[in-house]
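>>> Below is the sequence, then the predicted model.
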Amino acid sequence: MHKLIILRGNSGSGKTTVAKKLQELFGRNTMLISQDVVRRDILKVKDGENPPALPLLKEMLQYGSSHCEVVILEGIFIADWYQLLFEAAVNLYGADIYAYYFDIPFEETVRRHKTKPNCNEFGEAEMRQWWKEKDYSELLNEKTITAEPSLETIVKDIYSAVCSA
């Protein structure tokens, strides 16, 4: 198995929670690449056009494609800004990409954010500034995840899709 799962969407939509659950479920040899960890914790850079984290993210995808059975890439990843990352992903993983876009209403993302440990680091005003409505990638053929399914259902459905292919 040599597969890439991409989880994208606005802040507070549930990407990181789903990614961590999937990593636990897939177990050993599953690499989780979190945009926030790379950008904020490792590099301490801001996001934007020509993102400074892009070269490292591409290197990590390359490493994962050579050494891991499953790679999970999760983050906001604004489609225009990260087009080169998506192109690299397609070149490395071809048809073995399972891409999902979390299309969650703004109010729900704010509600979810308030339950997170880092809820005091930023709030509704910042989330509204970052908000990008229906930021689907033309390249990734993403499936939509809405607010209705439970965490367990989302994880089970993604896991089943990856394992059955």
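That came in fine, so what should we check first?
>>> Where do the strands of this structure begin and end?
Remark: strands assigned in the chain by DSSP state E are 3-9, 30-34, 70-75, 97-102, 143-145.
>>> Next, format those strands as CSV and append distance to residue 159 and mean neighbour count.
Any C-beta I mention is one placed from the backbone N, CA and C, and that applies to glycine too. Converted to CSV, the strands of the chain look like this (distance: least, Cβ to Cβ, whole Å; neighbours: other Cβ atoms under 10 Å):
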stretch, distance to residue 159, mean neighbour count
strand 3-9, 9, 25
strand 30-34, 11, 19
strand 70-75, 10, 26
strand 97-102, 10, 21
strand 143-145, 14, 15
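>>> Is it possible to get CSV of those strands that adds mean pLDDT and distance to residue 44?
Below are those laid out as CSV (pLDDT from 0 to 100; distance: least, Cβ to Cβ, whole Å):
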stretch, mean pLDDT, distance to residue 44
strand 3-9, 98, 22
strand 30-34, 98, 15
strand 70-75, 98, 16
strand 97-102, 98, 26
strand 143-145, 98, 30
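>>> which stretches of this protein aren't confidently modelled?
The model of the chain has pLDDT under 70 over residues 1.
>>> Geometric centre of it: which residue is closest?
For the chain, the residue nearest the mean C-alpha position is residue 74 (1.9 Å; Cα atoms, centre = their mean).
>>> For residue 4, see how far away that residue is.
11 Å (Cβ to Cβ, to the nearest Å).
>>> now residue 15
Distance from residue 15 to residue 4, by Cβ to Cβ: 15 Å.
>>> got the contact list for residue 46?
Shown in contact with residue 46 (Cβ atoms under 8 Å, 6 or more residues apart in numbering): 39, 52.
>>> if I look at it, how far off is residue 83?
Distance from residue 46 to residue 83, by Cβ to Cβ: 19 Å.
>>> what do you get for residue 38?
As judged by Cβ to Cβ, residue 38 and residue 83 stand 17 Å apart.
>>> what do you get for residue 137?
Taken as Cβ to Cβ, the span from residue 137 to residue 83 is 8 Å.
>>> who has more neighbours, those two?
Shown here are residue 137 and residue 83; by other Cβ atoms under 10 Å, residue 137 has more neighbours (20 against 15).
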